[in-house]
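>>> With the sequence up front, the predicted model follows.
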Protein chains: 2
Amino acid sequence: MKELPLSKVYQLLEPGPVVLLTTARKGRANVMAMSWHMMIEFEPPQLACVVSGNDYSFAALRATRECVIGIPALKLATKVVKVGNSSGRDIDKFARFGLTKIPATRVKPPLLADCFANLECKVIDGRLVNKYNLFILEVLTAWIDPAQKNPKTIHHRGYGTFVVDGEIIKLASRMR
Amino acid sequence: MKELPLSKVYQLLEPGPVVLLTTARKGRANVMAMSWHMMIEFEPPQLACVVSGNDYSFAALRATRECVIGIPALKLATKVVKVGNSSGRDIDKFARFGLTKIPATRVKPPLLADCFANLECKVIDGRLVNKYNLFILEVLTAWIDPAQKNPKTIHHRGYGTFVVDGEIIKLASRMR
């Protein structure tokens, strides 16, 4: 994994990919699938995300205030769905689904070796957690796998339907 | 436009499309392009979005607490970029770019006839507006244009690069 400049992080999350979120608590790591996230600031990169109170990851994220967001490409799609269909209450998802952990540098939750990008994050604002399960995160360090060229991400449309990245178009935008 | 059940709204926004946001203040409507949004609740559908304090729409949204989110398909991409490149301070974007307004039913900002979906929204929580420009919205009524079949949305990757919806895959997910 190669370090990615923090100024480029928004370009990974802004298009709306399904991501994986790892947490760690009492020496045990877990991973979930997540689609409800958005950027809220370019640099330092900050984002908002919703982790349901029903998810086993919720308590870990709230207590430890740390997570890693891994971004999977299309080739991981079936594993992503298996992660989403199961709970860390019952199984070790990393072992069960063959997801390789790599130690992160600034947080305890692990990076995911199979993801083309990994973002080490801390919770910086929890004011909307009780009402909406909404966490505000800041990305501390970002990693990219240079071996995965032009990864296509997947976008959840509900009930097992996903749209895969298609054509890339370039328009005369002045928007960052 | 045909009314869409509120339970289906999340399927439109969850994949991360670029959207258009209309506001209205003192009898004058405006429209901006937006990529920083996410669902936060299925039903009633609630979402979070970031409207920069630099955007002319910010003051209108904060003061009136109403907006419409229109979802454009690929065919509108060049107009979407023009909307994003300009400010309502300077021009009437609807007239300049040929975007047709339709009156909404429960809010003052207009629907956009050219979008395949439109969501009438009110601001329900402004606690994170001052610090992050983050608004919590609830969708009151949703509309879909049945004439636009299988619309492809666009997803912003920064600096005028957009990825268009590609292949649709179906996986054995138990996730809603």
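In hand now; what should we look at?

>>> any idea of the angle the helix or strand containing residue A:139 forms with strand B:134-144?
Using DSSP states H and E, residue A:139 maps to strand A:134-144. In terms of direction (axes from the mean of the first three to the mean of the last three Cα atoms, to 10 degrees), strand A:134-144 departs from strand B:134-144 by 90 degrees.

>>> Mind listing the strands strand A:134-144 pairs with, and their directions?
Here strand A:134-144 has these sheet partners by DSSP bridges: strand A:2-3 (antiparallel), strand A:46-50 (antiparallel), strand A:117-125 (antiparallel).

>>> Just give me the residue right at the centre of chain A.
residue A:69 (2.6 Å; Cα atoms, centre = their mean).

>>> Correct me if wrong: residue A:82 contacts residue A:97.
Yes - using Cβ atoms under 8 Å, residue A:82 is in contact with residue A:97, at 5.1 Å. For every residue, glycine as well, the C-beta is placed using N, CA and C.

>>> so what pLDDT did the residue nearest to the centre of chain A get?
For residue A:69, the model assigns a pLDDT of 98.

>>> hang on, the earlier thing: can you redo the strands paired with strand A:134-144 as a markdown table with distance to residue B:151?
Below are the strands paired with strand A:134-144 laid out as a markdown table (distance: least, Cβ to Cβ, whole Å):
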| stretch | distance to residue B:151 |
| --- | --- |
| strand A:2-3 | 37 |
| strand A:46-50 | 25 |
| strand A:117-125 | 28 |
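
>>> Leaving out sequence neighbours, find the closest residue to the one residue in chain A that gets nearest to chain B.
Nearest to chain B in chain A, going by Cβ to the nearest Cβ, is residue A:16, at a distance of 1.2 Å. Among residues not flanking residue A:16 along the chain, residue B:16 sits closest, at 1.2 Å (Cβ to Cβ, 6 or more residues apart in numbering or on different chains).

>>> Any regions of chain A where pLDDT drops low?
For chain A, no stretch is flagged by pLDDT under 70.

>>> tell me, how many neighbours does residue A:58 end up with?
18 (other Cβ atoms under 10 Å in any protein chain shown).

>>> Got phi/psi on it?
phi -60, psi -50 (degrees, to the nearest 10).

>>> so what's the nearest residue to it once chain neighbours are set aside up against?
Excluding its sequence neighbours, the residue lying closest to residue A:58 (Cβ to Cβ, 6+ apart) is residue A:51, at 5.0 Å. Contacts for residue A:51 (Cβ atoms under 8 Å, 6 or more residues apart in numbering or on different chains) come out as A:21, A:32, A:34, A:57, A:58, A:61, A:133, A:135.

>>> in chain A, which spans are helices?
A:10-13, A:56-64, A:77-85, A:93-97, A:129-132 (DSSP state H).

>>> Out of the ones you listed, which gets nearest to residue B:159?
helix A:10-13 (8.3 Å; Cβ to Cβ).

>>> Who are the packing partners of the closest one?
strand A:37-41, strand A:66-71, strand B:154-158 (3 or more Cβ pairs under 8 Å, 6 or more residues apart in numbering or on different chains; DSSP states H and E).

>>> Report the angle between the second one and strand A:117-125.
In other words, strand A:66-71. Using the same axes, to 10 degrees: strand A:66-71 against strand A:117-125 is 140 degrees.

>>> Paired strands for strand A:66-71, with orientation please.
strand A:19-25 (antiparallel), strand A:117-125 (antiparallel).

>>> Distance across stretch A:164-176, terminal residue to terminal residue?
By Cα to Cα, to the nearest Å, the extent of stretch A:164-176 from end to end equals 24 Å.

>>> out of the strands paired with strand A:134-144, deepest packed?
Comparing the strands paired with strand A:134-144 by mean neighbour count (mean count of other Cβ atoms under 10 Å in any protein chain shown), strand A:46-50 comes out on top with a mean of 24.

>>> Outside of that one itself, list whatever touches it.
A:13, A:21, A:34, A:36-40, A:69, A:121, A:124, A:132-139, B:38-40, B:48, B:132, B:134.

>>> Now restrict those to buried residues only.
Taking 16 or more other Cβ atoms under 10 Å in any protein chain shown as the criterion, what is buried in these is A:13, A:21, A:34, A:36-40, A:69, A:121, A:132-139, B:38-40, B:48, B:132, B:134.

>>> circling back: any chance of the strands paired with strand A:66-71 in JSON lines with distance to residue A:156 as columns?
Listed next are the strands paired with strand A:66-71 as JSON lines, based on distance: least, Cβ to Cβ, whole Å:
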{"stretch": "strand A:19-25", "distance to residue A:156": "10"}
{"stretch": "strand A:117-125", "distance to residue A:156": "18"}
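
>>> wait, which of the ones you listed is closest to residue B:153?
strand A:19-25 (18.5 Å).

>>> Provide a list of residues in contact with the closest residue to residue A:131 other than its chain neighbours.
Spatial nearest neighbour of residue A:131, excluding adjacent residues (Cβ to Cβ, 6+ apart): residue B:125 at 7.4 Å. Residue B:125 makes contact with A:128, A:131, A:132, B:135, B:136 under the criterion Cβ under 8 Å, 6+ apart.

>>> same thing with residue A:155?
Taking Cβ under 8 Å, 6+ apart, we find residue A:155 in contact with A:15-18, A:35, A:162-165, B:14-16, B:155, B:165.
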